[in-house]
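Asks: below are the sequence and a predicted model for it; my questions follow.
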Amino acid sequence: MSLRYYLTFIDEEPQASPDAFGSRKRGASCPADFRSKEEVRSMWTEACREQALFRSQVAQLRERADHVRDNSQECNTLTAPSLGSVGHPQLCRRPCAHFAKNAGCPRAKHCAFCHLPHRHVSLDKRMREQLASCSEAELLWTLRPHFQRHALANPAAVGFQELLDRNLALHHPQPALPRPSQSWQLLEKRLVRLPLAALVGLCFRVSGHLPGLLQEQLRDFRTGDQ
Ligand SMILES: [Zn+2]
Ligand SMILES: [Zn+2]
């Protein structure tokens, strides 16, 4: 308790709280909402952010389910309808033009292209230009999480991820990646759906041994030598 001199009297210093905000009675029975507009706005922003996060998690789970379903149909050298179908849908070759026309392929089992139905997923021109404007390190670090995702879902993809990681450790320290513009987010979403063979193809412009090693790995896989 502190004292003060007030109107010729020595008086007790009034307490700052809760009387400073109104009557004690009201404060005790029904506390007023002292949150400022800024606080309310920031709570609202936080709630919206959480909701967006949940939505993106649901979308990721959906994509993961698609991925697992696709990989469960993978072809090996014994079950593939053509040579080019080995590894379908992730590591096979391009779809056979004869087969797409329903004309029947004259090379049948010996055809070098895939004889199974494909979901058409590719990068559009703008996405290809975006990747072409990246440095080698930016390109490989952008592709890395997608190689990892394949490796987690498919043991056949682990070798590709190991080759990439070894190359990154030796030659490309992680750069600051240019994100997260809307066009990059669209590109990332497309990369999620790209087959592993197409991701491997995107690494071929990198200098050094990596493209040759990846190609060798792909060839071994397709001929059943891995
Ligand atoms: Zn295929
Ligand atoms: Zn064919």
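Replies: Sure, I can see it. Numbering: from 1, shown residues only. Ligands and ions are numbered 1, 2, ... in the order given.
Asks: mind listing the helices for the chain?
Replies: 24-29, 37-71, 97-100, 125-132, 136-153, 158-171, 182-193, 196-202, 210-223 (DSSP state H).
Asks: buried deepest among these, which one?
Replies: Of all those, helix 196-202 carries the top mean neighbour count, a mean of 20, counting by mean count of other C-beta atoms under 10 Å. Every residue, glycine included, has its C-beta placed from N, CA and C.
Asks: what about that one, near ligand 1?
Replies: No - judged by C-beta under 5 Å from the ion, helix 196-202 makes no contact with ligand 1; its nearest approach is 8.7 Å.
Asks: residues in contact with that helix?
Replies: Residues outside helix 196-202 that contact it (C-beta atoms under 8 Å, 6 or more residues apart in numbering) are 87, 90-93, 121-122, 131, 139, 143, 146-147, 150, 154, 157, 160, 191, 214-215, 218.
Asks: how about CSV for the helices of the chain, with mean pLDDT and distance to ligand 2 added?
Replies: Output for the helices of the chain, formatted as CSV (pLDDT from 0 to 100; distance: least, C-beta to the ion, whole Å):
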stretch, mean pLDDT, distance to ligand 2
helix 24-29, 52, 82
helix 37-71, 72, 21
helix 97-100, 78, 5
helix 125-132, 94, 27
helix 136-153, 94, 25
helix 158-171, 95, 25
helix 182-193, 92, 24
helix 196-202, 94, 17
helix 210-223, 90, 15
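Asks: redo those helices as JSON lines? Include distance to A112.
Replies: Output for the helices of the chain, formatted as JSON lines (distance: least, C-beta to C-beta, whole Å):
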{"stretch": "helix 24-29", "distance to A112": "82"}
{"stretch": "helix 37-71", "distance to A112": "22"}
{"stretch": "helix 97-100", "distance to A112": "12"}
{"stretch": "helix 125-132", "distance to A112": "25"}
{"stretch": "helix 136-153", "distance to A112": "23"}
{"stretch": "helix 158-171", "distance to A112": "21"}
{"stretch": "helix 182-193", "distance to A112": "24"}
{"stretch": "helix 196-202", "distance to A112": "13"}
{"stretch": "helix 210-223", "distance to A112": "9"}
